[in-house]
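Enquirer: okay, here's the prediction I keep looking at, along with the sequence it came from:
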Amino acid sequence: MAELTGWLLDLYPDPQAGAVLWLLGEDGKRHRLLQGFPLTFYAAGPNEQLRQLWRYLQSQPEVVELSRTERRDLFCPQPLPVLAAQVAHPAQQPGLFRRAAGRFPELNFYDADLSLALHHAAAHGTFPLARCRVETDAENKVQALQVLDTPWDLEPPPPPLRLLRLEPDVDPAHAPPKYVVVRGERLACRLSLAHPRPLLLNLSAILRQQDPDLLLTLWGDTWLLPHLLELGQKWRLPLPLSRDPGMGVEHRPERTYMAYGQVIYRGRQVYLFGRWHIDGCNAMLFHEYGLDGVYELARVTSLPVQSAARLSPGSGISAMQMVTALRQGVLVPWHKQQAELPKSAAELMISDQGGLVYQPLSGLHRDVAEIDFISMYPSIMRHFNISPETVTHPENPSPLRGEGVGLRGETEPTSPPDGAEPGVRGDWRLVPQLGLVINQGQPGLIPLTLAPLLDKRLALKQRQAELPAWDPRRQVCKAKATAHKWLLVTCFGYLGYKNARFGRIEAHQAVTAYGREALLQAKEAAEDMGFSVLHMYVDGLWVQKPGVSQPGQLQPLLLEIAERTGLPIALDGIYRWVAFLPSRVDGRVPVANRYFGTFQDGSLKLRGVEARRGDTPPWIARRQVALIEALAQLADDTLAHDLLPWLLRWLSHALAELRSGRIPSEQLLAAQKLSRALDEYRTPSPAARAAAQLASEGKHLRAGQRVRFLYTLGEPGVHAWDLPTPPDRRSLDLARYQELLIRAVGAVVQPFGIAEDELRLRARGSAPNVTFWPLPRLRENIAARVAT
DNA sequence: TACAGTCGGGG
DNA sequence: GTGTACGACTGTA
């Protein structure tokens, strides 16, 4: 009997028996442990069918223990009689279940398609990088397992992970790479791809010697690792990419699917066993929160690190809900099977509203405070206990399979005298406008899942604010908070997602209804306290009051709003000035989400303008940001009087730069996503034409993939960036880029009284090489910004 | 002018 | 393996 303490690295089914646990021991060694871990799935339905299923499962080769028992379905008040099938070896469960489900399509199956990691998290409280104490026998079999920390610890000590980076020297989609750049502990080298044998031998030696826990690559999923594995096969020199020699690697093919209301493309993926592979180019949102965010996501969601790095946050929050359900003994349905409650047309009109959006007072405003509800929708779900099983129709409480009840047991509707809070009677709360009621008796599945997340995110942000800017822990806190943000944001969308296991459209609508009400309450509070409300957008409002320009002066309003709504709210900042833009199509109409401004601390906020769009060429975006930064530095009197001549010089300077040919082509690249297959385009967009160019060179892109291109003269008007030959510099469509720049600049200066047409006229007449003289007070600042 | 195609924002 | 619904805007015909 031996005792081991360390960090949990990896967890997966052993092909023969039980679960494999990889532990990074405090002794510095990596331990491969085995643990017996049977998995149970359930089936419910007509008795006769369950009996047949029983006989069927008994006849199968897998070792299965069968029993009849009762479990709780989230939507049924009464326990559900089920058949429990306990499969001895987790690796055999998916296959057995697939056969059973195919044979008995009318039965409802539960807990049947969850990964081993989630089952293990529910059963043992494990999560990736959890600190564990393990007792093992002589054969490295786990006899006892104790988890020593929780995902909710704010700053767990970082495990001593070993990292190895592998990168091709160039983007393989753009040009054939020549080298693999390798960087590890006291190691940096470049291996030639032209000589496969030495490459493979060297890489194998490096992997053995360094024995990294994490292989961090660029294009490792989509190109590098598949390429290396292929070479390894061809030369009969297998690479030890996985730490577990018996497991090889797992390939997941590329795929496109519909989500976010659009087509999404995910490249192929390569998963390892016993160590992790993360491809910095194929990891969703990776650039936003980095490795620290990935570890944090893995810890709180219980998803393996390699999955947490690649999956969208939707699957993260979904995993958390499933673990909550498993821990509560609530069945996790195999397929989500829910229809919306029937609704009249009039109800549809009201309930299908989303967030409240106002039309701002367009133009330039000074000393404006922006206040935002913190994680508004998740906070609403928690505060009002909104969850698929708690929201229901009062006159029709049993629409599907049962009435809304709390998680921890049955709660009968009661109607005692009116409670203290308006809209609440006993255990029931009436949702404004929708005619829905929410059971308040027991915390729902979603609020239970969300509460620790909301608390931790606030704690992280607070900790981040306490730490000095130079402290590296501050960046770590920030990365973690950013990762949490995405979990919280998608949790709301998931309520309304038709295929979510724990989604229900009525719950989704209840959330937005409360959101609208909270915003209106906030508006009333602000107006009661003498503020004028310039704009409101879903969870934020922009307010102004003569004489109010310091953060402290907003505190009474914040307290009042928190008091009236019950929801947390904070000051985002006070703008020195903010400009709300009118519609480009009709200048009389303001639009809700195109604005920019500068806060008192000098930081900028931009929404909806060209610089925020992913398809804007970087050079255009940077010119626009630089211009806003310059405007932020200008004194009020300059803004009023001397702006036009200065601006025209600024513009000529930028246009001269464009014509000079000194801007790197990458800076002029537009990037757009293909929304469909090429032959499905009815009118060929620039992106479609660029994709067609690539297709004729044998590079076929699929719907959901991005295509990068330059605007060029003549037909077809674009030049795809990943074509083998770059375009002639002289064929660049400079007039097109000039127009894009003028539009971006026009949007910024419109609130300052300068019309876009004027810029266009003057630009045409300007000499190509006008010397640009910054205003004296601006010179320093602009030099600094342009450099970045 | 109509409509097809693409993007954002939440934080 | 998993977010929605919608409006603004641009380019093409």
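Expert: Perfect, thanks for sending it.

Enquirer: make sure A:A121 is actually in contact with A:P128.
Expert: No - using C-beta atoms under 8 Å, A:A121 is not in contact with A:P128; the gap is 9.2 Å. From N, CA and C alone the C-beta is placed, and that goes for glycine too.

Enquirer: what's the overlap in contacts for these two?
Expert: Residues touching both A:A121 and A:P128 (C-beta atoms under 8 Å, 6 or more residues apart in numbering) are A:S302.

Enquirer: residue ranges of the helices in the stretch 351-500 of chain A, please?
Expert: A:376-383, A:445-466, A:472-495 (DSSP state H, counting those that start in this stretch).

Enquirer: could you say what helices and strands the second one packs with?
Expert: In this case it means helix A:445-466. If you count contacts as 3 or more C-beta pairs under 8 Å, 6 or more residues apart in numbering; DSSP states H and E, helix A:445-466 packs onto helix A:313-328, helix A:376-383, helix A:472-495.

Enquirer: do the first one as well
Expert: With contacts taken as 3+ C-beta pairs under 8 Å, 6+ apart, helix A:376-383 sits against helix A:445-466, helix A:472-495, helix A:505-528.

Enquirer: need these in a markdown table (columns: distance to DNA strand C, mean pLDDT and mean neighbour count).
Expert: Formatted as a markdown table, the helices and strands packed on helix A:376-383 follow (distance: least, C-beta to the nearest atom of the strand, whole Å; pLDDT from 0 to 100; neighbours: other C-beta atoms under 10 Å):
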| stretch | distance to DNA strand C | mean pLDDT | mean neighbour count |
| --- | --- | --- | --- |
| helix A:445-466 | 14 | 93 | 19 |
| helix A:472-495 | 2 | 87 | 20 |
| helix A:505-528 | 7 | 91 | 21 |
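
Enquirer: and those as TSV, adding distance to A:G566?
Expert: Shown next, in TSV, are the helices and strands packed on helix A:376-383 (distance: least, C-beta to C-beta, whole Å):
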stretch	distance to A:G566
helix A:445-466	14
helix A:472-495	17
helix A:505-528	8
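
Enquirer: all strands for the stretch 651-788 of chain A, in order.
Expert: For the stretch 651-788 of chain A, the strands defined by DSSP state E, counting those that start in this stretch cover A:670-673, A:706-711, A:718-720.

Enquirer: for the longest one, buried residues please.
Expert: Buried residues in strand A:706-711, defined by neighbour count with 16 or more other C-beta atoms under 10 Å: A:V707, A:R708, A:F709, A:L710, A:Y711.

Enquirer: neighbouring contacts of that strand?
Expert: Residues from elsewhere that reach strand A:706-711 (C-beta under 8 Å, 6+ apart): A:665, A:668-674, A:686-687, A:690-691, A:694, A:701, A:717-722, A:727, A:732-733, A:736-737.

Enquirer: the strands of the stretch 651-788 of chain A into CSV, with extra columns for mean pLDDT and distance to DNA strand B?
Expert: CSV is the format used below for the strands of the stretch 651-788 of chain A (pLDDT from 0 to 100; distance: least, C-beta to the nearest atom of the strand, whole Å):
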stretch, mean pLDDT, distance to DNA strand B
strand A:670-673, 91, 4
strand A:706-711, 93, 7
strand A:718-720, 94, 12
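
Enquirer: dump these into JSON lines; add distance to A:P240 as well.
Expert: Shown next, in JSON lines, are these (distance: least, C-beta to C-beta, whole Å):
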{"stretch": "strand A:670-673", "distance to A:P240": "37"}
{"stretch": "strand A:706-711", "distance to A:P240": "34"}
{"stretch": "strand A:718-720", "distance to A:P240": "38"}
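
Enquirer: which residue does the stretch 551-700 of chain A bring closest to DNA strand C?
Expert: Going by C-beta to the nearest atom of the strand, DNA strand C is nearest to A:S583 of the stretch 551-700 of chain A, at 3.4 Å.

Enquirer: so that residue sits against A:N593, correct?
Expert: No - if you go by C-beta under 8 Å, A:S583 and A:N593 don't touch, sitting 11.4 Å apart.

Enquirer: need the residues of chain A near DNA strand B, please.
Expert: Residues of chain A lying close to DNA strand B by C-beta under 7 Å from any atom of the strand are A:260-262, A:288, A:372-373, A:375-376, A:485, A:488-489, A:493, A:537-540, A:593, A:606-608, A:612-615, A:671-676, A:680-683, A:685, A:687-688, A:706.

Enquirer: nearest residue to A:G248 in space, please, no chain neighbours.
Expert: The shortest distance from A:G248 to any non-neighbouring residue, by C-beta to C-beta, 6 or more residues apart in numbering, is to A:S242 (6.3 Å).

Enquirer: pretty sure the one you found is in a helix, no?
Expert: No - applying DSSP: H, G, I helix; E, B strand; the rest coil, one finds A:S242 to be coil, outside a helix.

Enquirer: how far away is it from A:D10?
Expert: According to C-beta to C-beta, to the nearest Å, A:S242 stands 10 Å off from A:D10.

Enquirer: where do the contact lists of those two overlap?
Expert: With C-beta under 8 Å, 6+ apart, A:S242 and A:D10 have common neighbours A:F273, A:G274, A:R275.

Enquirer: burial measure for the first one, as a count.
Expert: When neighbours are counted by other C-beta atoms under 10 Å, A:F273 registers 21.

Enquirer: so what's it up against?
Expert: Each residue near A:F273 by C-beta under 8 Å, 6+ apart is listed here: A:D10, A:Y12, A:V20, A:S242, A:R243, A:D244, A:M247, A:G248, A:V249, A:E250.

Enquirer: now with 10 Å?
Expert: A:10, A:12, A:20, A:22, A:32, A:241-250, A:306 (C-beta atoms under 10 Å, 6 or more residues apart in numbering).

Enquirer: try the second one
Expert: Under the criterion of C-beta under 10 Å, 6+ apart, the neighbours of A:G274 are A:9-10, A:12, A:20, A:22, A:30, A:32, A:213, A:241-247.

Enquirer: can you pull the pLDDT of A:S315?
Expert: Predicted confidence (pLDDT) for A:S315: 84.

Enquirer: not counting its neighbours along the chain, what's nearest it?
Expert: Nearest residue to A:S315, sequence neighbours excluded (C-beta to C-beta, 6+ apart): A:L303, at 7.4 Å.

Enquirer: same check, this time on A:G36
Expert: Closest residue to A:G36 apart from its sequence neighbours, by C-beta to C-beta, 6+ apart: A:G18 at 4.8 Å.

Enquirer: pretty sure the one you found is touching A:R32, no?
Expert: No - counting by C-beta atoms under 10 Å, A:G18 stays clear of A:R32, with 11.9 Å between them.

Enquirer: could you export stretch A:238-256 as CSV, CA atoms only?
Expert: The C-alpha trace of stretch A:238-256 is given here as CSV (Å, rounded to 0.1, in the frame of the first residue of the first chain):
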residue,chain,number,x,y,z
PRO,A,238,6.5,6.1,-34.4
LEU,A,239,6.5,9.3,-32.4
PRO,A,240,5.7,9.0,-28.7
LEU,A,241,3.2,11.8,-28.7
SER,A,242,1.0,10.4,-26.0
ARG,A,243,2.5,9.6,-22.7
ASP,A,244,0.4,6.4,-22.5
PRO,A,245,2.1,4.1,-25.0
GLY,A,246,-0.8,1.8,-25.3
MET,A,247,-3.3,4.5,-26.3
GLY,A,248,-1.9,6.1,-29.4
VAL,A,249,-3.6,9.3,-30.3
GLU,A,250,-7.2,10.2,-31.0
HIS,A,251,-8.2,11.9,-34.2
ARG,A,252,-11.4,13.8,-34.5
PRO,A,253,-12.4,14.8,-38.0
GLU,A,254,-13.1,18.3,-39.2
ARG,A,255,-16.8,19.3,-39.1
THR,A,256,-19.2,22.1,-39.8
